[in-house]
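1. give me coordinates for this.
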Amino acid sequence: MIVLVVFAVLAGAGTALSPCVLPVLPALLSASGVGGRRRPLGIVIGLCVTFTVTIVGLASVVGGVGIGSDPLRDLSIAVLLVFGVSLLAPALSDRIEAPLSRLARFGPRSRGDGFRSGLVVGGALGFVYTPCASPILAAVISVSAASGRTVVLALAYAAGSGAVLLALALGGRKVFDRIRRAGQGPVLQRAVGVVMIVTAVLLATSLDLKFGEFVANEIPNVNLTAGLECSPTVTNRLPQITGHRARFVAANGSSSCGGSGAAAKLTAAGPSASQATLLADARSLPHAGAAPDFTDTERWFNTPGDRPLTLASLRGRVVLVDFWTYTCINCIRTLPYLKAWDATYRHDGLTIVGVEAPEFSFERDASNVQDAIQQFGIRYPVVQDNEMGTWNAYGNQYWPADYLIDATGQVRYATFGEGDYEKTETAIRALLAAAGAQVGAHSHATGVVVPSNLATPETYLGTNRAEGWLQGPFSGLHDYGPASPQPPGLNTFVYSGSWRIAGQPAEAVSGAGIDLEFEAKDVYLVLSSPGEHPEPVTVMLDGHPISAADAGADVHDGVATVRRQRLYSLVALAHDGRHHLALRFADGVTGYAFTFG
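-> Below you'll find the predicted structure:
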């Protein structure tokens, strides 16, 4: 634990120097440049305290680091706006500082005007301070509950960031002191006020979050301490925090610290590959360890009498364990390949087991899972993993994720996410050959959907993981006003009408709509209706009712009829493109997540 604390301090210091903190850095430097000499200390202390409270308070899987509650974010924006205005109006500044005098007993006794207001400004910045998510910080915010370890690591991380930010603030203050000595104090104060107001506006329009996404996607090696944090010294200790060790490395290199296993050296074998070639491929696959059995599972499907399977009962067969959930578009796009492998290699000794690990609460319902199995035409065994027992036994973190197990029960190959299907099939054929099967022809997947390379990122309608929304979403019942006649910006989503929004679902209450500007071929949305009664969702593309040629499989005459809780296909274009999509919801329809392809 001591090693993790030391690295957390270093990680906090490193990320405070990264581009990710740029959205709040101008406000921090500007606010530190006015007021008394202890004001920078107050700002940094306030920032570190609220940042730590936010991280520890989240203690759940979130889409980013930093603010996780809209009311706190709104409060932070309001504080920055008020203090920015106060710097432009000195009389207002005196009124604001007066009530804060009660905090004097907690601060320095010597003269240091602005320390108390610095605490408030820093506290506001702490709620929107979003450094690059490093492996250590990600481990802290991904546990299911706060603990002593998470608090200590969060404090260490904040201390590292605070030390660097304080040094930057003091350095900036020296520059500002020179400006004041030159007789430009009033001009400097007004400039600082403008910076604070501009920062508040940028935060209110979520441009800080968009900047963070840009940094993550476009700037390689943005985390200055990634090399240290991804070292075995740290990664071997992170399970002390998360409680679950990632037991297997993916051959396609999908991991928080990059890299890939030895299996990445596997090359796709052609249809005419000989038995000797397949046996050589099998020998090249690493022995990653014994495969965990199916743990804490619920109902089984597609087994004799729906009886449970065990890996012991499957010994002698090659087993592919596929973690999926039936509303995940990435999982759905892998199903044609899984079904083809099952049809081609089942008689050669392959057993595929789909482990349905729910993302949304309704995916825990056995009847919903059964309907999905029938809808997708899945014939291989499927088991519900509602308590994530098998998921945790594998240390899994992805939908979809595939673990290939040889006839002796050893994990030999794993992939996370979509793609690499030819290599996976080669690994399947190699392990079947090693088990003694005379492998025949290749499989032929049908109904394959090739996702767009330019697809708009997925987003959620509830508050837990919503990204890209122009306003909100806000918890509880809220009227978002009428729909704007102008389309939003690219990859931007806008609510209209009245919605009742919780962590996962968003329920249409009255005159509810969603407008978005997307770039993709296909648009999907997870929807449900009250009591499974058919309810309409009107679909308009680029200002007109969507045509039959552009409509998804679930849209007829410009309307998607929502019944069961599942993923609905709304748009299916012939080519990638940028379009404006407008959806109008019947009262009571509930939405969960958009995905694009």
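2. what about the strands in the stretch 451-597 of the chain?
-> Taking DSSP state E, counting those that start in this stretch as the criterion, the stretch 451-597 of the chain carries its strands at 459-460, 476-479, 492-501, 506-528, 535-541, 544-545, 555-556, 559-562, 566-585, 590-596.
3. Asp293 is nearest to which of these?
-> Between Asp293 and these, the tightest spacing by Cβ to Cβ is seen for strand 566-585, at 29.9 Å. Bear in mind the C-beta positions are built from the backbone N, C-alpha and C, glycine included.
4. counting by contacts, list what the closest one packs against.
-> On a contact count with 3 or more Cβ pairs under 8 Å, 6 or more residues apart in numbering; DSSP states H and E, strand 566-585 meets helix 366-376, strand 506-528, strand 535-541, strand 555-556, strand 559-562.
5. now with 10 Å?
-> Applying 3 or more Cβ pairs under 10 Å, 6 or more residues apart in numbering; DSSP states H and E, one finds that strand 566-585 makes contact with helix 329-345, helix 366-376, strand 492-501, strand 506-528, strand 535-541, strand 555-556, strand 559-562, strand 590-596.
6. what is the rounded mean pLDDT of the last one?
-> Computed over strand 590-596, the mean pLDDT rounds to 91.
7. by how many degrees do it and helix 329-345 diverge?
-> 70 degrees (axes from the mean of the first three to the mean of the last three Cα atoms, to 10 degrees).
8. partners of strand 590-596, with directions?
-> strand 459-460 (antiparallel), strand 506-528 (antiparallel) (DSSP bridges).
9. what about the first one, distance to the chain center?
-> Okay, so that is strand 459-460. 9 Å (Cα atoms, centre = their mean, to the nearest Å).
10. check stretch 298-313 too.
-> With Cα atoms, centre = their mean, you get 32 Å for stretch 298-313.
11. give the buried residues for it.
-> 300-302, 309, 311 (16 or more other Cβ atoms under 10 Å).
12. closest to Ser76 out of these?
-> Phe301 (47.8 Å).
13. hang on, the earlier thing: in CSV, list the helices and strands packed on strand 566-585 along with distance to Gly162.
-> As requested, these are exported to CSV (distance: least, Cβ to Cβ, whole Å):
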stretch, distance to Gly162
helix 329-345, 39
helix 366-376, 47
strand 492-501, 34
strand 506-528, 37
strand 535-541, 48
strand 555-556, 52
strand 559-562, 49
strand 590-596, 36
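14. and of these, who's closest to Ser443?
-> Nearest of the helices and strands packed on strand 566-585 (Cβ to Cβ): helix 329-345, 3.9 Å.
15. in the closest one, what's buried?
-> By neighbour count on 16+ other Cβ under 10 Å, the buried set for helix 329-345 is 329-342, 344-345.
16. about what we covered before: of all the helices and strands packed on strand 566-585, which lies closest to Val151?
-> strand 492-501 (29.9 Å).
17. average pLDDT for the closest one?
-> 94.
18. same check on stretch 566-579?
-> Mean per-residue pLDDT for stretch 566-579: 90.
19. which one of the buried residues of helix 329-345 is nearest to Arg37?
-> Asn330 (54.0 Å).
20. okay, the closest one: pLDDT?
-> 80.
21. any idea how far the residue nearest to it when sequence neighbours are not counted lies from Lys521?
-> Spatial nearest neighbour of Asn330, excluding adjacent residues (Cβ to Cβ, 6 or more residues apart in numbering): Glu418 at 5.4 Å. Going from Glu418 to Lys521 by Cβ to Cβ, to the nearest Å gives 15 Å.
22. between those two, who's got more neighbours?
-> Neighbour count, other Cβ atoms under 10 Å: between Glu418 and Lys521, Lys521 has more, with 21 against 17.
23. so the more buried one makes contact with Arg578?
-> No. Using Cβ atoms under 10 Å as the test, Lys521 is too far from Arg578 to be in contact (11.4 Å).
24. touching, His556 and Pro545? I think so.
-> No. The criterion here is Cβ under 10 Å, and His556 misses it with Pro545 at 11.3 Å.
25. before we move on, the earlier item: between the helices and strands packed on strand 566-585, which gets nearest to Ala124?
-> With respect to Ala124, and counting by Cβ to Cβ, the nearest of the helices and strands packed on strand 566-585 is strand 492-501 at 24.1 Å.
26. hey, C-alpha coordinates of that closest one in CSV?
-> What follows is strand 492-501, C-alpha atoms only, in CSV (Å, rounded to 0.1, in the frame of the first residue of the first chain):
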residue,chain,number,x,y,z
THR,A,492,-24.0,16.8,-29.5
PHE,A,493,-27.3,15.7,-27.9
VAL,A,494,-30.1,18.0,-26.8
TYR,A,495,-33.2,17.2,-24.6
SER,A,496,-36.5,19.0,-25.2
GLY,A,497,-39.8,18.8,-23.3
SER,A,498,-40.3,17.2,-19.9
TRP,A,499,-38.2,14.2,-18.8
ARG,A,500,-37.8,12.3,-15.5
ILE,A,501,-34.2,11.2,-15.4
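27. name the helices or strands packed onto the helix or strand where Thr52 lies?
-> Secondary-structure assignment from DSSP states H and E places Thr52 in helix 39-58. Judged by 3+ Cβ pairs under 10 Å, 6+ apart, the packing partners of helix 39-58 are helix 25-32, helix 70-88, helix 115-128, helix 135-141, helix 148-179.
28. same thing but at 8 Å, please
-> Where contact means 3+ Cβ pairs under 8 Å, 6+ apart, helix 39-58 is packed against helix 25-32, helix 115-128, helix 135-141, helix 148-179.
29. chain center to it, what's the gap?
-> Remark: helix 39-58 is offset 23 Å from the chain centroid, using Cα atoms, centre = their mean.
30. with stretch 552-562 instead?
-> 29 Å.
31. what does that stretch rub up against?
-> 522-524, 527-529, 534-540, 545-546, 551, 568-572, 586, 589 (Cβ atoms under 8 Å, 6 or more residues apart in numbering).
32. PyMOL command to pick out the buried ones of those?
-> The buried residues among these can be selected in PyMOL (16+ other Cβ under 10 Å) with this line:
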select buried, resi 522+523+524+527+528+529+535+537+538+539+540+546+551+568+569+570+571+572+586+589
